[in-house]
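Undergrad: Structure for the following, please:
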Amino acid sequence: MGLSREQQKDCVEKFSTVRMFAFCNERALQKLCAQAVPETHPKGSVLFQQGLPQAKMLVISRGTVGETKDINGQIHSWGETTPGMALGSNHALRQDGASATAKCLTPVVAYSLDSQSLSTLLKDPEIATDVMYSLNREVRRHMNLLNTPLLEQHAKPTPIFATSVAAAVESFYRSALNSYLNARLTGQAPATLFPNMGVQIPPRVAYINGFKGLRHYLEKNIDDDAYENPGYVRIAKAIAPGIIMTPVSSMLEACNAGHMNPESLATRWIRGLAPRAVREIIFGVGLNQLSDYCEERIPLDDSQPILKNALGSMFAGVVAGYFSHVPHNLSTLKLMNPQKSYARHLNDLVEHANSRVPTNIQSPQARRVLATALAFVFPKGLTIRTTQIVGSFIILNGTINSLKDFDVYNMPTAVSSVLTR
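TA: Next up, the predicted model:
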């Protein structure tokens, strides 16, 4: 039975989104749909059984199909197939055994092509060429999913102009979030969101250029494989920018704490230096290697570089924000209250977390253990800190990536290329 006009239109639309047919022209899609048969399946129907021959492929029009795979007696989820996706496209041609069991999670409407019809259609030169090209593009997409280890990531081009613009823009975002975070830690309203920006922006520009520039310098001048233990060399190269840039970061932090710490800026900047160095190491690895590591693993092709860069920066920011939060809290508290020792600040963090322990837990020892866990595993201000780092990474990496080819000596052409990218 053939398809109705509405079904034919829907079939062409759905087939065009299947990766196997993604680059087929309209005529080729019409030929495919002319051989397709509409099917309906109720919720709970098993469409394919793992290991049994697949005699047809299905393109889902409505509904959701779940796939499960039995590996050594253990059932694993294989994902879901939704409208515009296909089942059996890799197995139907030669009726290979299904790699997973497919079961309808909802009522399903689909279009099927049996193996004989599919084989006949693929002999059509017009269809065969387009299908081959579609599959080639899919192979290329998978080849572009790189897997470089974290500490072996190589730096992208980061010209000073692009990095400086990114740092200047990001400094306002960072300053506002820092003010909110400091207020959350101290319980006082922020005095201003953008304190001493004339002082903050130049060190911030130098700070970000330092992280990016030091990475390039170390990568260019130190050959990891020339040493007996290249793994240790890679670790040293990854953490070195954070250690070197800690004094610059300390100056920036001191600018935000003038309303709480009356010491001079020359003295204030050294408060909380040790935990701040730990935080800067995490920030540096997150901004450099981890952002590239995550971006590399985003399953998008090169046609969406901005989105891929933003998602990679976001995931890296979440990780860096979480692990840098306790060192950040400790350095901030020491900066604002230098008269207290680190031990007292740590104890204060635990005492403050005690108020978050459920009241039905009465044992002092149990409350202390839970409060300690909350203070270090789910610390105060974690959401603000993570949001700050995620936003900073997206702004910095995104702006640098967008402006890396900007030619400051040919402004009209450079602006045009950025706007049309």
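
Undergrad: just the strands in this protein please.
TA: For the chain, the strands defined by DSSP state E occupy 37-41, 46-48, 56-62, 65-71, 74-81, 86-87, 101-104, 108-114.

Undergrad: Need the ones you listed in JSON lines (columns: mean pLDDT and distance to Arg174).
TA: Backbone N, C-alpha and C define where each C-beta goes, glycine included. Listed next are the strands of the chain as JSON lines, based on pLDDT from 0 to 100; distance: least, CB to CB, whole Å:
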{"stretch": "strand 37-41", "mean pLDDT": "95", "distance to Arg174": "53"}
{"stretch": "strand 46-48", "mean pLDDT": "95", "distance to Arg174": "52"}
{"stretch": "strand 56-62", "mean pLDDT": "96", "distance to Arg174": "45"}
{"stretch": "strand 65-71", "mean pLDDT": "91", "distance to Arg174": "43"}
{"stretch": "strand 74-81", "mean pLDDT": "85", "distance to Arg174": "38"}
{"stretch": "strand 86-87", "mean pLDDT": "94", "distance to Arg174": "46"}
{"stretch": "strand 101-104", "mean pLDDT": "95", "distance to Arg174": "48"}
{"stretch": "strand 108-114", "mean pLDDT": "95", "distance to Arg174": "49"}
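
Undergrad: which stretch among these comes nearest Ile395?
TA: Among the strands of the chain, the nearest to Ile395 by CB to CB is strand 74-81 (33.1 Å).

Undergrad: Only C-alpha atoms, please: export that closest one in CSV.
TA: C-alpha atoms of strand 74-81 as CSV (Å, rounded to 0.1, in the frame of the first residue of the first chain):
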residue,chain,number,x,y,z
GLN,A,74,24.0,-7.6,32.1
ILE,A,75,21.5,-5.3,30.4
HIS,A,76,22.8,-1.9,29.3
SER,A,77,20.9,1.0,27.9
TRP,A,78,21.7,1.6,24.2
GLY,A,79,19.9,5.0,23.9
GLU,A,80,16.6,6.1,22.4
THR,A,81,15.5,6.5,18.8
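
Undergrad: who touches Ile281 in this structure?
TA: 239, 242-243 (CB atoms under 8 Å, 6 or more residues apart in numbering).

Undergrad: I'd like to know which helix or strand in the chain has the lowest mean pLDDT.
TA: Ranked by mean pLDDT, DSSP states H and E, the helix or strand of the chain with the weakest confidence is helix 411-419, at a mean of 52.

Undergrad: on that earlier part again, how about the strands of the chain, which one is nearest Phe211?
TA: With CB to CB as the criterion, Phe211 lies closest to strand 74-81 of the strands of the chain, at 37.8 Å.

Undergrad: quick one: buried residues of that closest one?
TA: For strand 74-81, burial by neighbour count (16 or more other CB atoms under 10 Å) applies to Thr81.

Undergrad: Neighbouring strands - and their directions - for it?
TA: Applying DSSP bridges, strand 74-81 is found paired with strand 65-71 (antiparallel).

Undergrad: Next, the angle from the strand it pairs with to strand 56-62.
TA: On the basis of axes from the mean of the first three to the mean of the last three CA atoms, to 10 degrees, strand 65-71 is oriented at 140 degrees to strand 56-62.

Undergrad: If I take strand 65-71 and strand 108-114, what angle do their directions form?
TA: Using the same axes, to 10 degrees, the inter-axis angle of strand 65-71 relative to strand 108-114 is 70 degrees.

Undergrad: circling back: what's the closest of the strands of the chain to Val377?
TA: Between Val377 and the strands of the chain, the tightest spacing by CB to CB is seen for strand 74-81, at 28.0 Å.

Undergrad: quick one: contacts of that closest one?
TA: 60, 64-70, 87, 99-100, 102, 105.

Undergrad: which stretches of the stretch 101-250 of the chain form helices?
TA: Secondary structure of the stretch 101-250 of the chain, counting by DSSP state H, counting those that start in this stretch: helices at 115-121, 125-143, 160-186, 197-221, 230-256.

Undergrad: Could you provide these in TSV, with additional columns for mean neighbour count and distance to Ser291?
TA: What follows is the helices of the stretch 101-250 of the chain, written out as TSV (neighbours: other CB atoms under 10 Å; distance: least, CB to CB, whole Å):
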stretch	mean neighbour count	distance to Ser291
helix 115-121	17	43
helix 125-143	14	21
helix 160-186	19	13
helix 197-221	18	11
helix 230-256	19	13
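
Undergrad: export those helices to CSV and tack on mean pLDDT?
TA: Shown next, in CSV, are these (pLDDT from 0 to 100):
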stretch, mean pLDDT
helix 115-121, 94
helix 125-143, 85
helix 160-186, 84
helix 197-221, 90
helix 230-256, 90
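
Undergrad: Redo these as CSV? Include distance to Met336.
TA: CSV is the format used below for these (distance: least, CB to CB, whole Å):
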stretch, distance to Met336
helix 115-121, 70
helix 125-143, 50
helix 160-186, 6
helix 197-221, 17
helix 230-256, 10
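
Undergrad: and of these, who's closest to Asp10?
TA: Taking CB to CB, helix 115-121 is the member of these nearest to Asp10, at 18.6 Å.

Undergrad: for that closest one, packing partners?
TA: On a contact count with 3 or more CB pairs under 8 Å, 6 or more residues apart in numbering; DSSP states H and E, helix 115-121 meets strand 56-62.

Undergrad: Return the angle between stretch directions for the strand it packs on and strand 37-41.
TA: Strand 56-62 and strand 37-41 are oriented at 70 degrees to each other (the same axes, to 10 degrees).

Undergrad: Can you give me the buried ones in strand 56-62?
TA: Under the neighbour-count criterion of 16+ other CB under 10 Å, strand 56-62 has 56-61 buried.

Undergrad: Between the contacts of Ile281, which sits nearest Leu193?
TA: Gly242 (26.1 Å).

Undergrad: Now do that closest one against Arg19, distance only.
TA: Distance, Gly242 to Arg19, by CB to CB, to the nearest Å: 42 Å.

Undergrad: Nearest to Thr359 among the helices of the stretch 101-250 of the chain would be which one?
TA: helix 160-186 (22.7 Å).
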